[in-house]
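Engineer: Below: sequence and its predicted model.
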Amino acid sequence: MDVPRWGRGIGVGQGKRERGWTILTAGPGAVLCGFGQISLGAVPGHLLLRERGGGCRPAGRRGPHSTMFDQFGRPIRTMGIMRSLLLPLLVLIVLAPADAVAQKPPRPTLKAANAHANVRRWEDALDVVARLPKRLAGRSEVQRLRIRCWRELGAVDKVAHTGEEWLAKNPNDSEMHVWVGEALLDLAAMKEGRGMRAGAQRDRALEHAQAALRADPMDDSAFELEVATLINLHLMADARKLAKERIKKRPDHVRFQIVYARVLDWTGATSDAIGVLNQAEARLKRDARLPLERAMYHNKLHQRHAGLGALADAVKRPQLTDESARTAGELIWLLAGRYKEWKEADDIVNAWVGAHPTQGLGHWWRGYLHELRKQEQEAIKHYRAAWKMSGETLAEAAYHLGFLLGKQGKEKEALLLVVRGMALNTPVRKGVVAPVDALITLGGIYARKRNWKRATEILSAGAPYATRNATLQQNLGFCYREFGSEAWLKKKSLSARRHWRKGAYHYELAAGAIVDSAAAATTKAQILNDTGLMYHYHLKKLKVAVKWYEQALEHDSAYVDALENMGVVRLQQKKWKDAIGWFDKVLVKVPKRASSLKNKALCEQMLARKK
């Protein structure tokens with residue numbers, strides 16, 4: 001079998017090896033570590049055991065509470081030094097509560113849930129909400145947060161159902177009316193919602209839009225929902241008429257003007273929408289949203305130079321909010337950057353920074369345009385300005401700056417910035433390496449050097465912000481496993497077990513992430529099996545290991561490593577017949593698998609003795 005590879009294509013070890021347990025003869029001091037690599041240990045040895053996944057198994061004397069097996073699978077006695085003096089230490093190890101649960105997640109609080117939501121980490125927020133104590137779970141702000149997360153994740157059925165329950169108790173909540181109405185429109189657009197049911201859902205969406213406007217006549221989101229629903233009901237003329245009537249009553253309301261322009265665009269009158277915005281811009285000269293909206297319509301009509309003119313006007317207007325600034329940046333890319341019209345892009349960004357020197361995003365776009373042209377020193381200068389001007393809160397500034405510094409070898413500062421970018425949940429543009437991948441790459445550099453301490457430090461820094469990234473969590477689990485094996489060789493048993501417990505915790509996170517993903521069944525089985533290995537061969541928790549092996553086989557019933565590991569567990573439990581059954585399943589798949597043949601022979605020998 002090919003040796004497993006590190007993370008996203010960064011090899012830790014090379015070569016071939018057999019799958020499952022392999023019993024080898026080792027010379028003095030030999031130890032099999034990691035991905036099938038032989039390294040020298042401090043202890044002379046007799047036999048060498050290798051497991052699937054590359055655990056580091058020392059040869060020879062291990063310690064008073066460890067067990068090794070000879071070529072027939074029989075236990076080998078190990079020498080203990082002053083066992084009676086070591087008994088208190090053994091009691092501490094056996095009774096340590098962290099063995100039962102690898103590592104507990106942080107205590108759930110509403111503050112923690114909101115912190116995740118504030119950086120758009122919606123799934124993590126929902127996880128915290130699900131673990132809140134009952135006295136908090138029923139509070140209105142918790143229920144509202146849950147609905148908000150579902151909305152952002154696109155769980156429209158949950159938003160519609162739970163939101164209507166909420167509105168039964170809070171009928172004047174205009175924002176919730178809008179959320180539910182939007183969800184109903186989305187449900188109506190789905191394939192299973194066609195026909196009469198779709199029409200009913202659109203009617204209900206319209207009712208919610210109108211209820212929101214009764215509660216708050218100035219709610220522009222409700223106004224947009226109302227006209228969008230009419231258009232979905234194919235009432236185009238009604239939508240245009242209603243929109244026109246509403247802006248007559250509110251001629252100086254920017255968002256209402258924008259919604260009216262959108263109605264014209266949706267009904268095929270994009271040129272008329274541009275005219276409406278031109279008229280509004282003449283009266284409302286401070287707000288950047290109107291020319292930004294117009295720039296989008298120019299882009300739609302392939303009027304690039306007119307779009308650039310509108311964009312240049314927008315970035316110089318006094319009222320350029322953070323949301324508008326993000327829109328401006330994307331338009332710079334759409335109208336100039338993607339065409340590599342660097343001078344046009346630079347002119348707009350320079351005008352933006354000149355009008356809003358303390359707005360970090362303008363400096364970031366300056367840096368990004370230089371980075372695209374491989375002008376990394378200039379990019380670093382502007383990224384530093386963006387990070388400073390944003391009060392160290394602009395996620396993309398932290399990440400891009402850290403990434404470029406890392407390329408220059410400034411690892412310490414780079415790591416801090418990359419992790420800060422992960423904590424703030426930086427948006428990742430197409431073609432840009434994601435922070436978690438950059439962290440995996442950096443950790444992989446040290447893993448290849450077998451510097452497990454530094455590798456775990458690097459990966460652990462970003463692990464709290466990537467709990468759903470199976471690759472990072474699996475790699476971190478692997479590094480802790482090897483770090484623990486390294487400590488064990490140095491006779492540091494407590495340190496080794498501590499690292500192994502951490503490794504098990506991160507393998508469990510990887511398993512949880514991979515099971516919920518669209519990964520192949522074999523990939524899921526492999527990570528679940530590797531999680532079992534941690535409990536089986538390192539933490540000596542056979543019952544826990546069996547549960548993981550069983551989960552692996554639920555995903556891939558033919559996964560040979562899990563089948564064989566189940567046999568090894570039964571062998572260690574002296575359940576010889578059961579063990580033979582598991583080894584037979586392995587041998588059906590791989591008839592010449594040496595480890596299963598030897599273990600099966602041992603079980604048959606033990607059964608013969610009983611007779």
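Structural biologist: Structure's in. What do you need?
Engineer: Y339: how many residues sit nearby?
Structural biologist: Residues lying near Y339 (other CB atoms under 10 Å) number 12. All C-beta atoms are positioned from the backbone trio N, CA, C, and that covers glycine.
Engineer: er, K577 I mean
Structural biologist: K577 has 10 nearby residues by other CB under 10 Å.
Engineer: contact partners of the one helix or strand it maps to?
Structural biologist: Element membership for K577, per DSSP states H and E: helix 576-589. Applying CB atoms under 8 Å, 6 or more residues apart in numbering, the external contacts of helix 576-589 come out as 20, 558, 560, 563-564, 566-568, 570-571, 593, 596-597, 599-600, 603-604, 606-607, 610.
Engineer: Emit the ChimeraX select command for whichever of those residues are buried.
Structural biologist: Applying 16 or more other CB atoms under 10 Å to these, the buried members can be selected in ChimeraX as follows:
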select :20,560,563,564,566,567,568,570,571,593,596,599,600,603,606
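Engineer: I'd like to know how far H499 sits from T467.
Structural biologist: According to CB to CB, to the nearest Å, H499 and T467 sit 19 Å apart.
Engineer: More neighbours: those two, which one.
Structural biologist: H499 (25 against 18).
Engineer: and the more buried one, that one's in a helix?
Structural biologist: Yes - according to DSSP: H, G, I helix; E, B strand; the rest coil, H499 belongs to a helix.
Engineer: Need the nearest residue in space to it, chain neighbours excluded.
Structural biologist: G484 (3.4 Å; CB to CB, 6 or more residues apart in numbering).
Engineer: and the gap between that neighbour and G199?
Structural biologist: When G484 is compared with G199 (using CB to CB), they lie 62 Å apart.
Engineer: With neighbour numbers in mind, choose between those two.
Structural biologist: G484 (28 against 14).
Engineer: quick one: average confidence on the host helix or strand of that one?
Structural biologist: According to DSSP H and E, G484 maps onto helix 470-489. Here helix 470-489 scores 96 as its mean pLDDT.
Engineer: Output the contacting helices and strands for it.
Structural biologist: strand 30-33, strand 57-58, helix 435-448, helix 452-462, helix 493-515, helix 521-533 (3 or more CB pairs under 8 Å, 6 or more residues apart in numbering; DSSP states H and E).
Engineer: distance between that helix and the chain's centre?
Structural biologist: 20 Å (CA atoms, centre = their mean, to the nearest Å).
Engineer: Skip the chain neighbours and tell me the closest residue to A513.
Structural biologist: A470 is the one closest to A513 (CB to CB, 6+ apart), at 4.0 Å.
Engineer: ok, now how distant is that neighbour from I147?
Structural biologist: The value you get for A470 to I147, if CB to CB is used, is 28 Å.
Engineer: Now mean pLDDT too, for the helices and strands packed on helix 470-489, in a markdown table please.
Structural biologist: Shown next, in a markdown table, are the helices and strands packed on helix 470-489 (pLDDT from 0 to 100):
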| stretch | mean pLDDT |
| --- | --- |
| strand 30-33 | 30 |
| strand 57-58 | 36 |
| helix 435-448 | 93 |
| helix 452-462 | 96 |
| helix 493-515 | 96 |
| helix 521-533 | 96 |
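Engineer: want to try TSV for those, with distance to L206 as columns?
Structural biologist: Compiled in TSV, the helices and strands packed on helix 470-489 are given as follows (distance: least, CB to CB, whole Å):
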stretch	distance to L206
strand 30-33	66
strand 57-58	68
helix 435-448	43
helix 452-462	46
helix 493-515	40
helix 521-533	44
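Engineer: Out of those, which gets nearest to G307?
Structural biologist: helix 435-448 (31.7 Å; CB to CB).
Engineer: Measure how the closest one sits relative to helix 470-489, angle-wise.
Structural biologist: 30 degrees (axes from the mean of the first three to the mean of the last three CA atoms, to 10 degrees).
Engineer: Would you mind extracting the C-alpha trace of helix 435-448 into PDB?
Structural biologist: Provided in PDB are the C-alpha atoms of helix 435-448 (Å, rounded to 0.1, in the frame of the first residue of the first chain):
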ATOM      1  CA  PRO A 435      -5.200  30.000   5.800                       C
ATOM      2  CA  VAL A 436      -5.800  26.400   7.000                       C
ATOM      3  CA  ASP A 437      -3.900  25.100   4.000                       C
ATOM      4  CA  ALA A 438      -1.000  27.400   4.700                       C
ATOM      5  CA  LEU A 439      -0.900  26.200   8.300                       C
ATOM      6  CA  ILE A 440      -0.900  22.600   7.200                       C
ATOM      7  CA  THR A 441       1.900  23.400   4.800                       C
ATOM      8  CA  LEU A 442       4.000  25.000   7.600                       C
ATOM      9  CA  GLY A 443       3.300  22.200  10.000                       C
ATOM     10  CA  GLY A 444       4.200  19.700   7.300                       C
ATOM     11  CA  ILE A 445       7.700  21.200   7.000                       C
ATOM     12  CA  TYR A 446       8.500  20.400  10.600                       C
ATOM     13  CA  ALA A 447       6.700  17.000  10.500                       C
ATOM     14  CA  ARG A 448       9.000  16.000   7.600                       C
END
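Engineer: buried ones in that helix?
Structural biologist: Quick answer for helix 435-448 (16+ other CB under 10 Å): 435-444, 446-447.
Engineer: Show me what stretch 392-405 is in contact with.
Structural biologist: Looking at what lies outside stretch 392-405 - CB under 8 Å, 6+ apart - the contacts are 119, 360-361, 363-364, 367-368, 371, 376, 379-380, 383-384, 386-387, 390, 413-418, 420-422, 424-427, 432-433, 435, 438.
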